[in-house]
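# model the following, please.
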Amino acid sequence: MDNFNAAIREAYRLADQRLEWQFTSAIAADQRAMGVAGMLSAAAAILAALAENVTASWLLLVGSGGLVIATCLAWYSARPTAFYAPGAEFSNFKSDIDAARPIDDVLTEMGGFHDKHIRYNDARMITSSSQMKWAFRVALGSVALVIIGQIALGFCACAL
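Numbering: from 1, shown residues only. Down below sits the predicted model:
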């Protein structure tokens, strides 16, 4: 095998490895998003339950509503999307086998598909990451609103 063919095979191997890494990373990110969504929904339920024991219950309900929105954003970031997984169906190679194409030609063609799929997967991962960041921002803003609101109402009550 000459150096050119070795380079093609190595490039294909690395592209396939990159798709595997993307797939594993995306699954892990989805699992983290669902875990965060569960914690946010529990926090929203706790805030809503505490609302009946507080004078400014509306503030806790608004904070709880913000956490529910953050939960929805986290769930949305973990939703199933069209994502290219590593590997290929054997039937994809039937015409290549029947035509007795050289393996390096087939790998070069498959490498082009991998490049397209890697770029598409990267875009999907960036979108999901952005949605998860918004979930965190909304959650932190909701909790900050509740804390600052309770402190402000406490100062107002003391002034009277």
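
# return the helix or strand in the chain with minimum mean pLDDT.
Among the helices and strands of the chain, helix 94-98 carries the lowest confidence by mean pLDDT, DSSP states H and E, at a mean of 82.

# that one packs against which elements?
Of the remaining helices and strands, none touches helix 94-98 by 3 or more Cβ pairs under 8 Å, 6 or more residues apart in numbering; DSSP states H and E. Where you see a C-beta, it was placed from the backbone N, CA and C, and this is true even at glycine.

# restricting to C-alpha, output that helix in PDB.
The C-alpha coordinates for helix 94-98 follow below in PDB (Å, rounded to 0.1, in the frame of the first residue of the first chain):
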ATOM      1  CA  LYS A  94     -23.600  -3.100  -2.500                       C
ATOM      2  CA  SER A  95     -23.100  -1.100  -5.800                       C
ATOM      3  CA  ASP A  96     -19.400  -0.600  -4.900                       C
ATOM      4  CA  ILE A  97     -18.900  -4.300  -4.300                       C
ATOM      5  CA  ASP A  98     -20.800  -5.200  -7.500                       C
END
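
# report the separation between L73 and G38.
14 Å (Cβ to Cβ, to the nearest Å).

# between these two, which one's more packed in?
Counted by other Cβ atoms under 10 Å, L73 and G38 do not tie: L73 has more neighbours, with 23 against 13.

# tell me what the longest helix seen in the chain is packed against?
When the chain is parsed with DSSP state H, its longest helix is helix 103-159. If you count contacts as 3+ Cβ pairs under 8 Å, 6+ apart, helix 103-159 packs onto helix 3-50, helix 57-77.

# would you single out the least confident of these?
Mean pLDDT is lowest for helix 3-50 among the helices and strands packed on helix 103-159, at a mean of 90.

# give the other helices and strands that that one contacts.
Counting by 3+ Cβ pairs under 8 Å, 6+ apart, helix 3-50 packs on helix 57-77, helix 103-159.

# list the buried residues for the shortest one?
Residues of helix 57-77 classed as buried by neighbour count (16 or more other Cβ atoms under 10 Å): 59-64, 66-71, 73-75, 77.

# for those residues, which one is nearest A45?
Top of the list for closeness to A45, among the buried residues of helix 57-77 and by Cβ to Cβ, is S64 at 7.6 Å.

# ok, the closest one - contacts?
S64 makes contact with 44-45, 47-48, 51, 142, according to Cβ atoms under 8 Å, 6 or more residues apart in numbering.

# tell me which of those residues is nearest to E89?
Closest to E89, out of all of the contacts of S64 and judged by Cβ to Cβ, is A44, at 43.4 Å.
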